[in-house]
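Trainee: The following block contains a protein sequence and its predicted model.
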Amino acid sequence: MSNNCIFCKIVSEEAKANIVYQDEQVTAFRDIHPVAPTHILIVPNRHIDSVGNMELKDEQVVGHIFSVARKLAEQEGISAGGYRLITNTGPHGGQTVFHLHVHLIGGQRMRFPMG
Ligand code: 5GP
Ligand code: ZN
């Protein structure tokens, strides 16, 4: 638990969120400002600031986040149409919450280009 981290508070249920999935490693909840019909954030339960702070031991949980994203996409009914997974990293990457997370976004055709 990192001090004053909103995602740590959501994981521990100290702060409210619409949690759609949780296990011993990760928590998934709906983004408070959805940009598409499905917009879910998947986070490791253990605080990691960003991809820039990942350690070797974090590889397993980050892989697990992608497996959970695939399952949630199926549950949301967006697997066949496709979806986007995004991890913003650092200020230039547009990261605003410094607890590593993957955005699962879908339910409409995504716009290009990125960047
Ligand atoms: P980032 O910009 O760091 O990639 O994404 C942070 C995301 O977290 C944003 O899409 C923002 O809407 C979402 N967010 C920020 N604070 C909260 C919160 O308290 N609850 C929920 N559910 N989402 C949040
Ligand atoms: Zn945190």
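Mentor: Here it is on my side, so go on. The model shown is predicted, which means the values in this text are computed figures rather than measured ones. Numbering: from 1, shown residues only. Ligands and ions are numbered 1, 2, ... in the order given.
Trainee: which parts of this protein sit against ligand 1?
Mentor: Taking CB under 6 Å from any ligand atom as the contact definition, the chain meets ligand 1 at 6, 17, 29-33, 41, 88, 94-97. C-betas here are computed from N, CA, C, even on glycine.
Trainee: again, only this time at 5 Å
Mentor: Those residues of the chain that sit near ligand 1, judged by CB under 5 Å from any ligand atom, are 6, 17, 31-33, 88, 95-97.
Trainee: Stretch 9-24 spans what distance, first to last residue?
Mentor: From its first residue to its last, stretch 9-24 covers 15 Å (CA to CA, to the nearest Å).
Trainee: Quick check: phi and psi on residue 11?
Mentor: phi -60, psi -40 (degrees, to the nearest 10).
Trainee: For it, give its distance to residue 94.
Mentor: From residue 11 across to residue 94, the span is 22 Å (CB to CB, to the nearest Å).
Trainee: hmm, stretch 18-38 touching ligand 2?
Mentor: No: against ligand 2, stretch 18-38 shows no contacts by CB under 5 Å from the ion, the least distance being 10.6 Å.
Trainee: which of the residues in that stretch are buried?
Mentor: Going by neighbour count (16 or more other CB atoms under 10 Å), the buried part of stretch 18-38 is 20, 26-29, 31, 36, 38.
Trainee: swap in stretch 43-51?
Mentor: Applying 16+ other CB under 10 Å to stretch 43-51 flags 43-51 as buried.
Trainee: end to end, how far does that stretch reach?
Mentor: First-to-last residue span, stretch 43-51, CA to CA: 12 Å.
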